[in-house]
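**Student:** need a 3D model of the following:
(2 chains)
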Amino acid sequence: MTTTIEILNPTFARVSGQELRKAPFPRLEEGTKVRIGFLNNQKPNTQELLALVESGLREHYQVESRTFFKGDAAHPAPPEVIEELSRFADVAVLATAD
Amino acid sequence: MVTVATAAFMPLAQIESKAWGWQVPIARIEHPLGGVPTDRLGSRAREVVEYFVSQARGQEGGRAGGTAHAVGEPVLSVPSDPWAFFDFIQSKGWGDGLPVLPPTPDRVERMLRSAGVPADAFVGFIPPEKLHCTARDVAANCVLAGLPDAAFPVVLAAIRAGLQERFNLLGVLATTNPCATTVLVSGPIAKELGMNAGASVYGPGNRMNATIGRAVRLALQNLGGAWPGPVDKSTQGSPAKYTYCFAENLEESPWGPYHVDRGFKESDSTVTMIAPEGPHNMHDPASTSGDNFLQYVIGSMTHCGHNNLYHRGDTFLVLCPEHATMLARDGYDRARIRQEIFARARVPARAMGREAFEHFTSHWPRKEKIDFETGTLSIVDAPEEINVVVAGGPGKHSSWLPTFGLTYSTIEKL
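**Tutor:** This next block holds a predicted model:
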């Protein structure tokens, strides 16, 4: 028979209790005008990927776009960049986690 | 918004999204992205576009689930047999591959009592999952690691140092780089605890050194959710990630305590958190002058591969007593060592290869314009970013600790 002991769970920590909020995404019909902000973390090939993504999205929507840079891939984007991005864009594309 | 993540990085993206309280649409693309010839990026771009369009049609929900953190019951019933307990912890992914000790309630309570720390004392929101962590939570991991009670305050101080913004703990824990959370202990506490600052200072052997580094790592892993593989994305990992802790050799340092150099009093004891690779040995048994030895040091630092070259940050030169004594004898103090290394430790741009050079210098530009054919790159932005510490025993082996780069060492007083 296996004997047991009690331990404190080493992974236990209190959850904040905060409900997850669903990030909003606008409904877009084909051909709609949309302003897209690309947030580039400057990892290799991210710029090239986003250029292709923009080109692909132009086949569906009338895209006005701007690219923003977050400095480096290991830190959050500066608040002023986030603010400017949110003022400009209807939708943001954040790239890339790789 | 849509976040773009390669398949290998989806779990990390999901956890970070959740930690911020959001369920964010994440477009999954084929891994890898970096290093792929640009004429093969089309399929990845199509994956993003298709996902974007599906979101715009209201067709697909966010992908913020998939937490790797096992937030379950605070108290568990586990096998008492040591081997079975080890198997249990490993099966949950809560260990590091080495045997562990059971954090029973009375054992954890004893540790907290010995330090005079209330069990519910808030420690911090440890990334990436950013749950509310208390002293009890950290102590449970310290017992798991086999930490003696007396060293608990050191681990708490190390975690507090790691949570300082400048350290960039999330970046350090999640990166593909092999950096390890490293604890440098300076001041009277090191001797009081019986830490090793001499021969084999990096290990193995000394229980305090070994378990302090291990406890910090296990606490950050188990409480922050930085599980090797899904979240800790280190490509190859490192033996240094098991434990990496050393004490300054105050008795044989010609320049006084490191923490005094950082603005503390000599009577203070401090913990410095660093995020370096494993130590890069510098074996110089032949130099008889400080000038010659420093040239050897500079030659040891001027190569590619380390992140300080690309991403800056501070770095550590850990001198063995014999090398330090020679430098001091020849008129070098910390300031002069820093100035010389800053001025002379420069890597030829050509050594990086053109693609890496163009990528790193275009995305993280330097103040000076650098020509690929003739230019050189410094390894730090300022002399102050070179930290000089004395540690180790007899012999002529010093070491350099290049870091993750996107991090600066941080220090807490005990």
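
**Student:** tally of neighbours for A:Thr3?
**Tutor:** 8 (other C-beta atoms under 10 Å in any protein chain shown). To be clear about C-beta, it is placed using only N, CA and C from the backbone, and glycine gets the same treatment.

**Student:** list the contacts of it.
**Tutor:** By C-beta atoms under 8 Å, 6 or more residues apart in numbering or on different chains, A:Thr3 lies in contact with B:79-81.

**Student:** again with B:Val380
**Tutor:** B:308, B:312-315, B:341-342, B:345, B:386.

**Student:** could you redo the last one with a cut-off of 7 Å?
**Tutor:** Contacts for B:Val380 (C-beta atoms under 7 Å, 6 or more residues apart in numbering or on different chains) come out as B:308, B:312, B:314-315, B:342, B:386.

**Student:** state the distance from it to chain A.
**Tutor:** 16 Å (C-beta to the nearest C-beta, to the nearest Å).

**Student:** and what of B:Ser238?
**Tutor:** 17 Å.

**Student:** my read: that residue touches B:Thr182, true?
**Tutor:** No: in this structure B:Ser238 lies outside contact range of B:Thr182 using C-beta atoms under 7 Å: 10.7 Å.

**Student:** the two: who's more crowded?
**Tutor:** Set B:Ser238 next to B:Thr182 and count neighbours by other C-beta under 10 Å: B:Thr182 wins out with 29 against 15.

**Student:** gap between the more buried one and B:Ala161?
**Tutor:** 11 Å (C-beta to C-beta, to the nearest Å).

**Student:** hey, what's in contact with both of the two?
**Tutor:** Common neighbours of B:Thr182 and B:Ala161 (C-beta under 7 Å, 6+ apart) are B:Met273.

**Student:** got the contact list for B:Ser114?
**Tutor:** B:Ser114 neighbours (C-beta under 7 Å, 6+ apart): B:149-150, B:152.

**Student:** brain fart, B:Thr325
**Tutor:** So, once contact is read as C-beta under 7 Å, 6+ apart, B:Thr325 ends up touching B:Pro254.

**Student:** skip the chain neighbours and tell me the closest residue to whichever residue of the stretch 251-400 of chain B sits closest to chain A.
**Tutor:** When scored by C-beta to the nearest C-beta, the stretch 251-400 of chain B has B:His363 as its residue closest to chain A, at 4.2 Å. Distances taken as C-beta to C-beta, 6 or more residues apart in numbering or on different chains put A:Gln42 closest to B:His363, at 4.2 Å, once the chain neighbours are dropped.

**Student:** got it, and B:Ser253?
**Tutor:** B:Ser253 sits nearest to B:Val390 (C-beta to C-beta, 6+ apart), 3.8 Å away.

**Student:** how deep is the residue of the stretch 51-200 of chain B found nearest chain A tucked in, by neighbour count?
**Tutor:** Residue nearest to chain A within the stretch 51-200 of chain B: B:Gly171 (3.4 Å; C-beta to the nearest C-beta). By the criterion of other C-beta under 10 Å, B:Gly171 has 22 neighbours.

**Student:** how about JSON lines for the contacts of B:Ser114, with secondary structure added?
**Tutor:** Below are those laid out as JSON lines (DSSP: H, G, I helix; E, B strand; the rest coil):
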{"residue": "B:Asp149", "secondary structure": "helix"}
{"residue": "B:Ala150", "secondary structure": "helix"}
{"residue": "B:Phe152", "secondary structure": "helix"}
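
**Student:** which of those are buried?
**Tutor:** B:149, B:152 (16 or more other C-beta atoms under 10 Å in any protein chain shown).

**Student:** spell out which parts of the stretch 101-250 of chain B neighbour chain A.
**Tutor:** Counting by C-beta under 7 Å from any C-beta of the partner chain, the stretch 101-250 of chain B comes close to chain A at B:102-105, B:108, B:131-133, B:136-137, B:140-141, B:144, B:168, B:171, B:175, B:222-223.
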